[in-house]
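K.L.:
For reference, the sequence and a predicted model appear below.
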Amino acid sequence: MRQHRPVFLQLHRIHLPLSGWLSITHRISGVLLFLALPLWLWLWQHSLHDAQGYAEVQQWLAWWPLRLLLALQLWWLLHHLLAGLRFLLLDAEIGIALPAARASARVVMLASPLLFLLLVVWL
Amino acid sequence: MNQHISGLPAWLVQRLSAVYMALYVLLLPLLWWSGEGGYAAWHGLFAGTVGGVAAALFILALLLHAWVGMRDIFLDYLGKRPGLRLLMLSLLGGWLLAMGVWALRILLGVWLG
């Protein structure tokens, strides 16, 4: 094994195409969702324990730091979901040509924050 | 050691679990908002046979999806260090199993309680 592989880690000088950004943010959002799993399970457990637990979880959800965290989670989930759907379509060789793939990357990048804002306003 | 959950099977597991979870996270809010709300309705979403099995399958899909995804990340970034790789994959597997048992406990509480 070669020990001295070229390494290029000046992050600010790495220019990814949009589909590259979509790929790495798909990963990052996946990790963030994975890390929050215990929080979701805990809220789920408490809300299902009894009527009082349910009411308590509703109270916690009114507390803004938790609300903010869950809102961010919702955003990451939407991003992960939409980017994932795009990858599924690419797997099925739909929109695989470069212009189409670039366009769909742009759509996902715009749609996930827009959908998120819509949901926040609506909720 | 991961011979039988690498390559195509893992790739397929990742996609099938993704499709199932996507359907579930779209359907569950619709069911919730079309219901009357409150604790009884919330509890009812997971207490019935259909809702309970659907939730258990969601948990299973989530664990498999997280395993393949996090495993891919570890294999990509940890480099060729078998010891570290084994350690991180063991931690990941143990963590996901713990999450699964916890979720099962919650569901059993709903079903039996």
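P.N.:
Great, that's in hand.
K.L.:
does the spatially most central residue of chain A sit in a helix, a strand or a coil?
P.N.:
By CA atoms, centre = their mean, chain A has its centre lying nearest to residue A:76, at 2.4 Å. Classification of residue A:76 using DSSP: H, G, I helix; E, B strand; the rest coil returns helix.
K.L.:
What is the burial count for residue 35?
P.N.:
If you meant another chain, say so; for now it's chain A. Residue A:35 is flanked by 10 other residues according to other CB atoms under 10 Å in any protein chain shown. Bear in mind the C-beta positions are built from the backbone N, C-alpha and C, glycine included.
K.L.:
Oops, wrong one, chain B.
P.N.:
A count of nearby residues for residue B:35, using other CB under 10 Å, gives 13.
K.L.:
Contacts only, for it.
P.N.:
Residues near residue B:35 by CB atoms under 8 Å, 6 or more residues apart in numbering or on different chains: B:41, B:44, B:45.
K.L.:
for chain B, which spans come out with low pLDDT?
P.N.:
In the predicted model of chain B, residues B:1-6 satisfy pLDDT under 70.
K.L.:
can you list the residues of it near chain A?
P.N.:
Within chain B, the positions near chain A by CB under 8 Å from any CB of the partner chain are B:15, B:18-19, B:22, B:25, B:38-39, B:42-43, B:46, B:62, B:66, B:69-70, B:73, B:80, B:99, B:102-103, B:106, B:109-110.
K.L.:
Wait, the residue nearest to the centre of chain A touches residue A:35, no?
P.N.:
No. Judged on CB atoms under 8 Å, residue A:76 makes no contact with residue A:35 at a distance of 10.2 Å.
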